[in-house]
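1. need coordinates for the below:
(2 chains)
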There are 2 protein chains.
Amino acid sequence: MIVPIYLENNTAIKYNVTIDTLPKLTYNRKVAIVTNTTVSALHLETLKSKINADELFVVTVEDGEEFKNLATVESILNQLFEHKLDRKSLLIALGGGVIGDMTGFTASLYQRGIGFVQVPTTLLSQVDASVGGKTGVNNSYGKNLIGAFYQPEAVFIDTEFLKTLPKREFAAGIAEIVKMAVMFDKAYFDFLMEADFRKKAVLEKVIQRSVELKAEVVNLDEKESGIRAVLNYGHTFGHVVENETNYKTYLHGEAVAIGIMMVNALAVELKMMTQIEMNLVTKFLEKHDLPTKYEIKEVDAFYDKFFLDKKAANNKLKFILPQGIGGHMIRDDISKDVLKKVLKAF
Amino acid sequence: MIVPIYLENNTAIKYNVTIDTLPKLTYNRKVAIVTNTTVSALHLETLKSKINADELFVVTVEDGEEFKNLATVESILNQLFEHKLDRKSLLIALGGGVIGDMTGFTASLYQRGIGFVQVPTTLLSQVDASVGGKTGVNNSYGKNLIGAFYQPEAVFIDTEFLKTLPKREFAAGIAEIVKMAVMFDKAYFDFLMEADFRKKAVLEKVIQRSVELKAEVVNLDEKESGIRAVLNYGHTFGHVVENETNYKTYLHGEAVAIGIMMVNALAVELKMMTQIEMNLVTKFLEKHDLPTKYEIKEVDAFYDKFFLDKKAANNKLKFILPQGIGGHMIRDDISKDVLKKVLKAF
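-> As a prediction, the model looks like this:
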């Protein structure tokens, strides 16, 4: 199936998200595949066998969130310059969210911007990261703090890639799926509660619904001046968890699961969600072996790290809160006392 | 006077270029001025005295094209994170083209993009670099090879800043002025031949005309897929000259002057320009003490460096040639033999 992406309320299709067996890809351009050591061993030959290009290069980087930084982007750029890619050349991101974010960012920078295509190989990147044009890297101040809004030319999602995905990474993707449901769609949440993700048809339906919901939001607000921030449900807390653990202990989706737990607790405290609703979400996360507990050692230090979040403007913290299940509200009026009370329970 | 800039054939004004005494600037945002050690000593207090902001920081970098690289941008970014700038914050570039390009690029990267304002203090940046949204840095492969198209919120041009500009830098700006005239406007070229640049009224007229011409071109083709490339007249050769001399021997405008000499010689060889027309341009460059000679040591090495130019696509070199004075043509059919013949004469 094909989900067309429109942008800035335009009626013109900006690019398509294809959810199907990876098709043959023909390019009258130089093409560089960007991937990591792990994915390369599993799927590079499959992708290469599908591509017909003027010239084809492969750039391989180390695997892991800890390599999602400017130094890696610079090393990719240097390899592209060595291969003399030009303004008409194309990058193809083969991998998960880290590879997709870095490849898109690199494409945005190379000679002020060349085309790129996403071939996401993890559940997380298939349902979320590969669509919407957020690209970038982490630095010592936090996650994705350096980057660009830069849209791909196309996204090709093939669930076949997920067969080699470690169970833990698969679960991490489920955190981003339930995020969309809790924020926007109660019926979808009910469906997810019963869904058997091992079935290809279920997986494709879930990917399609996630991409559709994301596309709707991104179309309304590409540059995240408003509603797009809702996609960061669980992320404000999750980013601090990742930062505190040096991006090493948790996968991104796992940190989001913890973040969802924290912000749900805040929502219950603010009477925006019932204890029963919170428990439903918790049960879903636990069922998929996602972490739901995190020990906050210093509440003040944890609190201070909120201000590194990109949503904090004019020293005001912005929280994406669930309103029951299927609804959302962005609030910037949460007092430090309430936050610390909630954090202390973790 | 105010020159409005429209973009992508839009009827909405994107931003204004104000050519006048620097006005009072009030911002309900955090503001960081980015400048260099030289400009800071001369003009920082003037700018600070005009700004009323929530908080005001200054980031000072080393002066010189050799610091226009990713490492400097990263150090600016780190200082912005230290000052906890948020998505609503603003950068103000106070300086020449290097500061403007790096500040705009940094603004494009910080949290995926914050606002920036140009306060150009050199003739080159006042007539050219501060308008149009090309931002970026150099690397070992060439000039401006890493960057973004990212437009400022406003440009404030005050010729008062030029009073402290070294004669050599002033002349470098004149190279970019004559570039616009040779490419687009014979009458303007005739005016420039007689112009006394020491007069404020003349300067303001010249800046206005340059900005108008540039705005017209950028509006037609912001991302340089077509006519915007014409603004690179003299630059394809000039960039190689800068690269060969490690960006140390020549100011950018000086390298452009040499590049104009080379591409004019090519135009004469191709019978697109007469010897008389070429001599007129040469005379103008010499009158303003711009370099018109450059010794090419190895023609083959010089030729190979053309391929690093961003305009080279699918291994085809693209040259921006004058057609007489006031006209232009983009050609990608120039043979290596013809090029080497022209280069050998230098």
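
2. all helices for the stretch 201-346 of chain A, in order.
-> Counting by DSSP state H, counting those that start in this stretch, the stretch 201-346 of chain A has helices at residues A:235-244, A:252-269, A:275-287, A:299-304, A:336-344.

3. so for chain B, which of those sits nearest?
-> The closest approach between chain B and any of the helices of the stretch 201-346 of chain A, judged by Cβ to the nearest Cβ, belongs to helix A:299-304 at 10.3 Å. No exception for glycine: its C-beta is placed from N, CA and C like everyone else's.

4. thought A:Val61 was touching A:Asn36?
-> Yes - the pair A:Val61 and A:Asn36 qualifies as a contact (Cβ atoms under 8 Å) at a distance of 5.3 Å.

5. what is in contact with these two at once?
-> Among the neighbours of A:Val61, those also in contact with A:Asn36 (Cβ atoms under 8 Å, 6 or more residues apart in numbering or on different chains) are A:Ile99.

6. name the element A:Val98 belongs to?
-> helix A:97-109 (DSSP states H and E).

7. so for that helix, mean pLDDT?
-> Average pLDDT, helix A:97-109: 97.

8. what residues sit buried inside that helix?
-> A:97-109 (16 or more other Cβ atoms under 10 Å in any protein chain shown).

9. for those residues, which one is nearest chain B?
-> A:Leu109 (5.0 Å).

10. I'd assumed B:Phe149 was in contact with the closest one.
-> No - using Cβ under 8 Å, A:Leu109 makes no contact with B:Phe149, being 11.1 Å away.

11. quick one, the helix holding A:Val98 and helix B:97-109 angle?
-> 150 degrees (axes from the mean of the first three to the mean of the last three Cα atoms, to 10 degrees).

12. how about helix A:97-109 and chain B, any contact?
-> Yes - applying Cβ under 8 Å from any Cβ of the partner chain, one finds helix A:97-109 touching chain B at A:Ser108, A:Leu109.

13. how much distance is there from that helix to the middle of the chain?
-> For helix A:97-109, the gap between its own C-alpha mean and the chain's C-alpha mean amounts to 12 Å (Cα atoms, centre = their mean, to the nearest Å).

14. next, the buried residues of the helix or strand just after that helix.
-> Following helix A:97-109 in sequence order, the next helix or strand is strand A:115-120 (DSSP H and E). Within strand A:115-120, the residues that count as buried by 16+ other Cβ under 10 Å are A:Gly115, A:Phe116, A:Val117, A:Gln118, A:Val119, A:Pro120.

15. okay, and the beta partners of the fifth one?
-> A:Val119 has the following beta-bridge partners by DSSP bridges: A:Leu94.

16. Three-state assignment for the residue in chain A sticking out farthest from the centre, please.
-> Among the C-alpha atoms of chain A, the one most distant from their mean position (Cα atoms, centre = their mean) is that of A:Asp54, at 31.4 Å. When classified by DSSP: H, G, I helix; E, B strand; the rest coil, A:Asp54 comes out as strand.

17. list the contacts of it.
-> By Cβ under 8 Å, 6+ apart, the neighbours of A:Asp54 are A:Tyr27, A:Asn28, A:Arg29, A:Lys30, A:Val31, B:Asn314.

18. mind redoing it with 10 Å?
-> A:Tyr27, A:Asn28, A:Arg29, A:Lys30, A:Val31, A:Lys88, A:Ser89, A:Leu90, B:Asn314, B:Asn315 (Cβ atoms under 10 Å, 6 or more residues apart in numbering or on different chains).

19. roughly how far does the spatially closest residue to the last one that is not a sequence neighbour sit from B:His252?
-> To tie it back to what came earlier, the one meant is B:Asn315. Spatial nearest neighbour of B:Asn315, chain neighbours left out: B:Phe307 (7.1 Å); criterion: Cβ to Cβ, 6 or more residues apart in numbering or on different chains. Computed as Cβ to Cβ, to the nearest Å, the B:Phe307 to B:His252 distance reads 21 Å.

20. who's more crowded, these two?
-> Set side by side, B:Phe307 and B:His252 show more neighbours around B:His252, with 28 against 13, by other Cβ atoms under 10 Å in any protein chain shown.

21. need the strands for chain A, in chain order.
-> According to DSSP state E, chain A carries its strands in the segments A:2-6, A:13-19, A:25-36, A:51-61, A:90-95, A:115-120, A:134-139, A:142-149, A:154-157, A:319-322, A:328-331.

22. send the alpha carbons of the first one over as CSV?
-> Okay, so that is strand A:2-6. Extracted in CSV, the C-alpha atoms of strand A:2-6 (Å, rounded to 0.1, in the frame of the first residue of the first chain):
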residue,chain,number,x,y,z
ILE,A,2,1.1,3.6,-0.5
VAL,A,3,0.5,6.5,1.9
PRO,A,4,1.0,9.8,0.2
ILE,A,5,2.5,12.6,2.3
TYR,A,6,1.4,16.2,1.7
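
23. A:Pro291 contacts A:Thr282, doesn't it?
-> No - using Cβ atoms under 10 Å, A:Pro291 is not in contact with A:Thr282; the gap is 11.2 Å.

24. and the two? Which one has more around it.
-> Neighbour comparison, A:Pro291 and A:Thr282: the larger count goes to A:Pro291, with 20 against 17 (by other Cβ under 10 Å).

25. tell me the pLDDT of that one.
-> pLDDT, A:Pro291: 97.

26. I'd like the helices of the stretch 201-346 of chain A as CSV, with mean pLDDT appended.
-> Formatted as CSV, the helices of the stretch 201-346 of chain A follow (pLDDT from 0 to 100):
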stretch, mean pLDDT
helix A:235-244, 92
helix A:252-269, 96
helix A:275-287, 97
helix A:299-304, 93
helix A:336-344, 94
